[in-house]
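Asks: can you look at this prediction? I've put the sequence above it.
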Amino acid sequence: QGLPVLKHMGFGHAVNITLGLPIVRTSVDHGTALDLAGSGRAEIGSLIAAIDQAIAMIPGDASRP
């Protein structure tokens with residue numbers, strides 16, 4: 001029941017991480033917003049956050065703290 005609050009507070013920066021796979025898998029933590037596709041109004045913050053998190057999770061990644 002706390003997930004909606006976390007999504008609201010972290011919108012644009014929240015990342016969905018799938019654990020237990022043999023690969024690193026992250027995704028944005030919101031829907032597809034197909035109504036915004038091609039409009040030039042979509043925000044890319046969540047996508048950038050998901051990519052950054054995936055890179056940070058790569059084993060042996062030197063940029064990881």
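Replies: Yes, it's here.
Asks: elements contacting the longest helix seen in the chain?
Replies: As far as residue count goes, and with DSSP state H defining each element, the longest helix of the chain is helix 45-57. For helix 45-57, the helices and strands in contact under the criterion 3 or more C-beta pairs under 8 Å, 6 or more residues apart in numbering; DSSP states H and E are strand 15-18, strand 25-28. All C-beta atoms are positioned from the backbone trio N, CA, C, and that covers glycine.
Asks: what's in contact with the last one?
Replies: By C-beta atoms under 8 Å, 6 or more residues apart in numbering, the surrounding residues in contact with strand 25-28 are 14-18, 46-47, 49-51, 53-54, 57.
Asks: ok, 6 Å please
Replies: 15-18, 46-47, 50, 53-54 (C-beta atoms under 6 Å, 6 or more residues apart in numbering).
Asks: need the mean per-residue confidence for that strand.
Replies: Averaging pLDDT along strand 25-28 yields 92.
Asks: now do the buried residues in it.
Replies: For strand 25-28, burial by neighbour count (16 or more other C-beta atoms under 10 Å) applies to 26, 28.
Asks: for the first one, same thing?
Replies: Judged by neighbour count using 16+ other C-beta under 10 Å, the buried positions of strand 15-18 are Val15.
Asks: picking that back up, would you convert the helices and strands packed on helix 45-57 into JSON lines that also reports distance to Pro4?
Replies: Rendered in JSON lines, the data for the helices and strands packed on helix 45-57 read as follows (distance: least, C-beta to C-beta, whole Å):
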{"stretch": "strand 15-18", "distance to Pro4": "14"}
{"stretch": "strand 25-28", "distance to Pro4": "16"}
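Asks: burial of Leu34, as a residue count?
Replies: The criterion is other C-beta atoms under 10 Å. On that basis, Leu34 has 7 neighbouring residues.
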